[in-house]
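J.: predicted structure and sequence below. I'll ask about it afterward.
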Number of protein chains: 2
Amino acid sequence: MSGRLAVVGIGPGAPDQLTGAAVEELGAAEVLIGYGPYLERLPGPLAPGRREASGLGDERERARRAVHQAADGARVALVSGGDAGIYGMAALAIDEAAALGESAPALVMVPGVTAASAAGALLGAPLAVDFACLSLSDLLIPRAEVVARVEALAAVDIALVLYNPASRSRRRPWEAAVSALQRHRAPGTPAAAVRRAYRDGQAVELSDVAGLASLSVDMETVVVVGSSRTRRAAGWLYTLRDEAPGR
Amino acid sequence: MSGRLAVVGIGPGAPDQLTGAAVEELGAAEVLIGYGPYLERLPGPLAPGRREASGLGDERERARRAVHQAADGARVALVSGGDAGIYGMAALAIDEAAALGESAPALVMVPGVTAASAAGALLGAPLAVDFACLSLSDLLIPRAEVVARVEALAAVDIALVLYNPASRSRRRPWEAAVSALQRHRAPGTPAAAVRRAYRDGQAVELSDVAGLASLSVDMETVVVVGSSRTRRAAGWLYTLRDEAPGR
């Protein structure tokens, strides 16, 4: 008896942003485990297995449940938004599987379109040269570390994608990011907030570093900040390699 | 008469790593334009349009051709490996379209699975917390700028994905990266080279910062270097948020 656990990134939300490999794993899973709103994005016929929806915040318990059910012989899909390996469930699933040693189930990671790619595509191509992804959530990482990192990255001339910029009760790291970016980057550097990319309620808000503080940000938003090579034209944001910075 | 240009990221290579939206655009395109080896990854029935393959290095000309054919009324897919917005053709396509002003064709970016996500999935989940993508090619970016950036990012405790680490004739930026990483990160920090992810000849080589110089790297490889939170267990590399760094 040997089960199998696929950790599946379902991309930004619309079913047509799933890869073929993700569709195959979701279709074959006897059990689908994931955060409720992610499971709700999957049409029934695409993922006909039994669904076990979880609330926010019990990620380790969710990963353990998926690993144990697969170890007991089930074919399980652990569902993550975007790419499961980027702020998703993959690392916890591996950690829980490793803890089982010889009894660990077969494990496969199915990559997906991460929020940075999705937001980038809606904006144009702001991430066409180098960039970093940084989560501003201080739930699991000490706030001082988050702030130090945003300060360090603001000073490097690459595009930045800020995941989880702020929640209703957590604005401090976002305020620190705005301050760092305004100290290190030219006021006219293009920036944007993308909310609910490829989902109902999708919204794109274009701005610049000077206007960062007025962007509407929440946990369903990613913020993209350009480098000195990023420009705005014809409604798009894009970064070019083949010319001097600052033009 | 109005054509349409879709800039399509085809992911790492295997057709089952395409998104549904990418499959749809490729199937509907009358003309497919792209670097020859990328077009060759697309099975005929999936992309039945006329193919115009280009060699390496004439990216701007390729983008211009795609934009002009779409402006003349054709339905065109401009094909990029990975995500078209990340070291792909999207920025050049926007730049060429913007130059046409009112005559520009309708333009849509179709995101895909970028090489960082593909390599990350094969390794486990090394990019589960913050990370940066950095190309070591000094073909279009001055070498001093590439080296300064790798030095700055090596000093920030996040995972790094190095695209285009080296070619036969271009090893210097890679040597600078190895030196910077060995000065800034603990020798045992996990690292890996992933070659031809999800394609024939796929190879994964696990190492650490001390062993970086012995990795085989070329233009079909991406190198992943962990942060102080990245660990190795059961053959996987993964980075955990929910524990202290350096464990």
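T.: Looks like it arrived, so ask away. These figures come from a predicted structure and were not determined experimentally.
J.: burial check on the closest residue to A:Ser80 other than its chain neighbours, number of neighbours?
T.: Once flanking residues are discounted, A:Ser80 sits nearest to A:Gly88: 3.4 Å by C-beta to C-beta, 6 or more residues apart in numbering or on different chains. C-beta: built from backbone N, CA, C; applies to glycine. The number of residues packed near A:Gly88 is 27, by other C-beta atoms under 10 Å in any protein chain shown.
J.: where does A:Gly88 land in three-state SS?
T.: Reducing the assignment at A:Gly88 to three states with DSSP: H, G, I helix; E, B strand; the rest coil gives coil.
J.: for it, what are phi and psi?
T.: Geometry field for A:Gly88 lists phi and psi as phi -120, psi -160, criterion degrees, to the nearest 10.
J.: that one and A:Val178, how far apart?
T.: 26 Å (C-beta to C-beta, to the nearest Å).
J.: for A:Glu151, same thing?
T.: Separation of A:Glu151 from A:Val178 (C-beta to C-beta): 12 Å.
J.: ok, A:Thr189 touching A:Ser227?
T.: Yes - when contacts are counted by C-beta atoms under 8 Å, A:Thr189 is listed as touching A:Ser227 (7.4 Å).
J.: between the two, point out the one with more neighbours.
T.: When neighbours are counted by other C-beta under 10 Å, A:Thr189 and A:Ser227 differ, and A:Thr189 comes out ahead with 24 against 21.
J.: list the contacts of that one.
T.: A:Thr189 sits next to A:Asp208, A:Val209, A:Val225, A:Gly226, A:Ser227, A:Ser228, A:Thr230 when contact means C-beta atoms under 8 Å, 6 or more residues apart in numbering or on different chains.
J.: now with 6 Å?
T.: By C-beta atoms under 6 Å, 6 or more residues apart in numbering or on different chains, A:Thr189 lies in contact with A:Asp208, A:Val209, A:Gly226.
J.: what's the domain layout of chain A?
T.: For chain A, the domain assignment from automatic domain parsing gives the residue ranges A:4-110, A:115-239.
J.: I'd like to know which elements the strand or helix carrying A:Leu206 is packed against.
T.: A:Leu206 belongs to strand A:203-208 when elements are defined using DSSP states H and E. Here strand A:203-208 is seen to pack against strand A:190-195 when contacts are counted using 3 or more C-beta pairs under 6 Å, 6 or more residues apart in numbering or on different chains; DSSP states H and E.
J.: and the strand it packs on with chain B, contact?
T.: No - for strand A:190-195 and chain B, the contact criterion (C-beta under 6 Å from any C-beta of the partner chain) is not met; the two come no nearer than 11.8 Å.
J.: could you give the angle of that strand to strand A:203-208?
T.: Going by axes from the mean of the first three to the mean of the last three C-alpha atoms, to 10 degrees, strand A:190-195 is angled at 160 degrees with respect to strand A:203-208.
J.: how about the secondary structure of A:Ser117?
T.: Assigned state for A:Ser117: helix (three-state reduction, three-state DSSP).
J.: count of neighbours near A:Leu123?
T.: Residues near A:Leu123, counting by other C-beta under 10 Å, number 28.
J.: my read: it touches A:Thr239, true?
T.: No - checked against C-beta atoms under 6 Å, the pair A:Leu123 and A:Thr239 is beyond contact range at 10.4 Å.
J.: who touches both of those two?
T.: Between them, A:Leu123 and A:Thr239 have no joint contacts when contacts are counted by C-beta under 6 Å, 6+ apart.
J.: name the nearest residue to A:Glu40, ignoring sequence neighbours.
T.: Distance criterion C-beta to C-beta, 6+ apart; nearest residue to A:Glu40, sequence neighbours excluded, is A:Ala53 at 8.0 Å.
J.: which one of A:Glu151 and A:Val178 has more residues nearby?
T.: In this view A:Glu151 and A:Val178 are compared by other C-beta under 10 Å, and A:Val178 has more residues nearby, 25 against 17.
J.: contacting residues for the residue sitting nearest the centre point of chain A?
T.: Nearest to the geometric centre of chain A sits A:Ala115, at 4.4 Å (C-alpha atoms, centre = their mean). A:Ala115 makes contact with A:Gly82, A:Val222 under the criterion C-beta under 6 Å, 6+ apart.
J.: do you know the pLDDT at it?
T.: pLDDT for A:Ala115: 98.
J.: can you list the residues of chain A near chain B?
T.: For chain A, the residues in contact with chain B (C-beta under 6 Å from any C-beta) are A:16-17, A:19-21, A:83, A:85-86, A:90-91, A:94, A:98, A:109, A:111, A:113-114, A:117-118, A:120-121, A:124-125, A:127-128, A:130-134, A:140, A:152, A:156, A:233-234, A:236, A:238-242.
J.: buried subset of these as a PyMOL selection?
T.: Here the buried members of these are turned into a PyMOL selection, burial being counted by 16 or more other C-beta atoms under 10 Å in any protein chain shown:
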select buried, chain A and resi 17+19+20+21+83+85+86+90+91+94+98+109+111+113+114+117+118+120+121+124+125+127+128+130+131+132+133+134+152+156+234+236+238+239+240+241
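J.: sort out for me which of the residues of chain A next to chain B are in strands.
T.: Counting by DSSP state E, the residues of chain A next to chain B place A:Met109, A:Gly124, A:Ala125, A:Phe131, A:Ala132, A:Cys133, A:Leu134, A:Ala233, A:Trp236, A:Tyr238, A:Thr239 in strands.
J.: among the residues you listed, which two are most distant?
T.: Pairwise distances among these were taken by C-beta to C-beta; the largest, 37.4 Å, belongs to A:Met109 and A:Ala233.
J.: so which bits of whichever strand or helix holds the residue nearest to A:Glu40 are buried?
T.: Using DSSP H and E, A:Ala53 sits in strand A:50-54. Residues of strand A:50-54 classed as buried under the neighbour-count rule (16+ other C-beta under 10 Å) are A:Arg51, A:Glu52, A:Ser54.
J.: same question, stretch A:207-223
T.: A:Ser207, A:Asp208, A:Val209, A:Leu212, A:Leu215, A:Val217, A:Thr221, A:Val222, A:Val223.
J.: how about those in TSV, adding pLDDT and distance to A:Gly9?
T.: Below are the buried residues of stretch A:207-223 laid out as TSV (pLDDT from 0 to 100; distance: C-beta to C-beta, whole Å):
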residue	pLDDT	distance to A:Gly9
A:Ser207	98	29
A:Asp208	98	31
A:Val209	98	31
A:Leu212	98	29
A:Leu215	97	26
A:Val217	97	23
A:Thr221	97	19
A:Val222	98	15
A:Val223	98	21
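J.: got those as JSON lines, with distance to B:Gly44 columns?
T.: Compiled in JSON lines, the buried residues of stretch A:207-223 are given as follows (distance: C-beta to C-beta, whole Å):
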{"residue": "A:Ser207", "distance to B:Gly44": "44"}
{"residue": "A:Asp208", "distance to B:Gly44": "45"}
{"residue": "A:Val209", "distance to B:Gly44": "47"}
{"residue": "A:Leu212", "distance to B:Gly44": "48"}
{"residue": "A:Leu215", "distance to B:Gly44": "45"}
{"residue": "A:Val217", "distance to B:Gly44": "45"}
{"residue": "A:Thr221", "distance to B:Gly44": "41"}
{"residue": "A:Val222", "distance to B:Gly44": "37"}
{"residue": "A:Val223", "distance to B:Gly44": "41"}
